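Colleague: quick check, what structure comes out for this input:
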Amino acid sequence: MYLSELFQRKKCLFSFEIFPPKKNSDTTAIYQTIANLQRLRPDFISVTCGAGGSSCDDNITVKIAHHIKKEYGIEALAHLTCVNSSRQNLEETLAFLREKQIDNVLALRGDRVKDCNASDFAYAHELISLVKREGGFYIAAACYPEGHPESHNRADDIRHLKEKVDAGASHLISQLFFANEDFYRFMDEIRAAGIDVPVEAGIMPAVDKCLIEKIVALCGATLPTKLSRLLNRFESSPATIFDAGIAYATEQIMDLISAGVQGIHLYTMNNPIVAEKITQNIGNLLKEVNGEQS
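Modeller: Next up, the predicted model:
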């Protein structure tokens, strides 16, 4: 099923992101994580790119996505990157996705790998065009409320985003952010630019100070003073940081839903407890917005 059907049914989707284990690592934990997450009944689960093996059959991202759909009847969104791949590699991966009956892909440029052979693709919109030409997939893409770390300015960033949508992206998932005003400003800008596809807000609860600071350094997201003060004040108490991070994310999400956001994409960090706490906190609000019985 294409995710477009879910957007037709609901005013606000609620989805999770998980990541595969490292190459040659035990996969038991990720399948247990999925078993725990499925009980929360998200609208879909996205699976980030794992380290590939020597053949398409080794593609752990596709295998995990297939497991989510086959075992639990939950739609899966498989991440697909292009910058370190050849056209042939990508065509083989798309064939494998079809074989495993995965209908939805998140098309990304991906991180450049040092000393990797040159790719046939430099930008996400080129990958989106390939997937669109191949046919048979619903395509989502990434967006950056505070701007892509490598973009020169906001205008360029929005122009590149429109290229993705024009190439065939039907849905956007945002990079994590911690100040809702940044997201609202971004939404005003992209709507003014003629980008009218559904946008899910990407939320990562700040339940681990070291992890959040590492991720913020990588992606360029801003830590608001309120959240930074909280993390610094209670850094010696992980339990307090966890509870405060859940509370902060809950407040963020409730405000976003009240403002009419079309979806919340929760970066779970493979932690079912985080997903469960957030789901419990916002469950009734989601049901009310979507016209479901509590």
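Colleague: where does the residue of the chain most remote from its centre sit: helix, strand or coil?
Modeller: What lies farthest from the middle of the chain is S236; by Cα atoms, centre = their mean that is 30.0 Å. Three-state call for S236 (DSSP: H, G, I helix; E, B strand; the rest coil): coil.
Colleague: need the contact list for it.
Modeller: Applying Cβ atoms under 8 Å, 6 or more residues apart in numbering to S236 gives no contacts. Using the backbone N, CA and C atoms, a C-beta is placed for each residue, glycine as well.
Colleague: from Y184, how far off is the residue nearest to P198 when sequence neighbours are not counted?
Modeller: Closest residue to P198 apart from its sequence neighbours, by Cβ to Cβ, 6 or more residues apart in numbering: Q262 at 4.3 Å. As defined by Cβ to Cβ, to the nearest Å, Q262 lies at a distance of 13 Å from Y184.
Colleague: of those two, who's got more company?
Modeller: Q262 (19 against 16; other Cβ atoms under 10 Å).
Colleague: shouldn't the more buried one be in contact with F7?
Modeller: Yes - the pair Q262 / F7 is scored as a contact, 6.8 Å apart, by Cβ atoms under 8 Å.
Colleague: what residues are shared contacts of those two?
Modeller: Joint contacts of Q262 and F7 (Cβ under 8 Å, 6+ apart) are L13, P198.
Colleague: quick one: V62 from T268, how far?
Modeller: Taking Cβ to Cβ, one finds V62 at 20 Å from T268.
Colleague: again, but for L130
Modeller: The value you get for L130 to T268, if Cβ to Cβ is used, is 29 Å.
Colleague: before we move on, what about L127?
Modeller: For L127 relative to T268 (Cβ to Cβ), the value is 25 Å.
Colleague: buried residues in the helix or strand D166 falls within?
Modeller: According to DSSP states H and E, D166 maps onto helix 154-167. For helix 154-167, burial by neighbour count (16 or more other Cβ atoms under 10 Å) applies to D157, I158, H160, L161, K162, E163, K164, V165, A167.
Colleague: where does the stretch 151-294 of the chain dip in pLDDT?
Modeller: 294 (pLDDT under 70).
Colleague: which parts of it are helices?
Modeller: Using DSSP state H, counting those that start in this stretch, the helices of the stretch 151-294 of the chain run over 154-167, 180-192, 209-219, 225-233, 238-258, 272-289.
Colleague: these: which one's closest to Q38?
Modeller: helix 272-289 (9.7 Å; Cβ to Cβ).
Colleague: wait, doesn't G136 sit right on Q101?
Modeller: No - the pair G136 / Q101 is not scored as a contact, 10.5 Å apart, by Cβ under 8 Å.
Colleague: for the residue lying closest to T48 once chain neighbours are set aside, which residues are in contact?
Modeller: If the residues on either side of it in the chain are set aside, T48 comes closest to F19, at 4.3 Å by Cβ to Cβ, 6+ apart. For F19, the contact set (Cβ under 8 Å, 6+ apart) comprises V47, T48, G50, N270.
Colleague: hmm, which two among the residues you listed are most spread apart?
Modeller: Pairwise over the contacts of F19, using Cβ to Cβ, the maximum falls at G50 and N270, 12.2 Å.
Colleague: hmm, back to that, the inter-axis angle of the helix holding D166 versus helix 180-192?
Modeller: Orientation of helix 154-167 against helix 180-192 (axes from the mean of the first three to the mean of the last three Cα atoms, to 10 degrees) gives an angle of 60 degrees.
Colleague: what packs against helix 154-167?
Modeller: Applying 3 or more Cβ pairs under 8 Å, 6 or more residues apart in numbering; DSSP states H and E, one finds that helix 154-167 contacts helix 124-134, strand 138-143, strand 171-174, helix 180-192.
Colleague: redo that, cut-off 10 Å
Modeller: strand 104-108, helix 124-134, strand 138-143, strand 171-174, helix 180-192 (3 or more Cβ pairs under 10 Å, 6 or more residues apart in numbering; DSSP states H and E).
Colleague: which one, of the helices of the stretch 151-294 of the chain, ends up nearest to I68?
Modeller: Short answer: helix 272-289, nearest of those by Cβ to Cβ, at 13.8 Å.
Colleague: from the chain's centre, how far out does that closest one sit?
Modeller: How far helix 272-289 lies from its chain's middle: 17 Å, per Cα atoms, centre = their mean, to the nearest Å.
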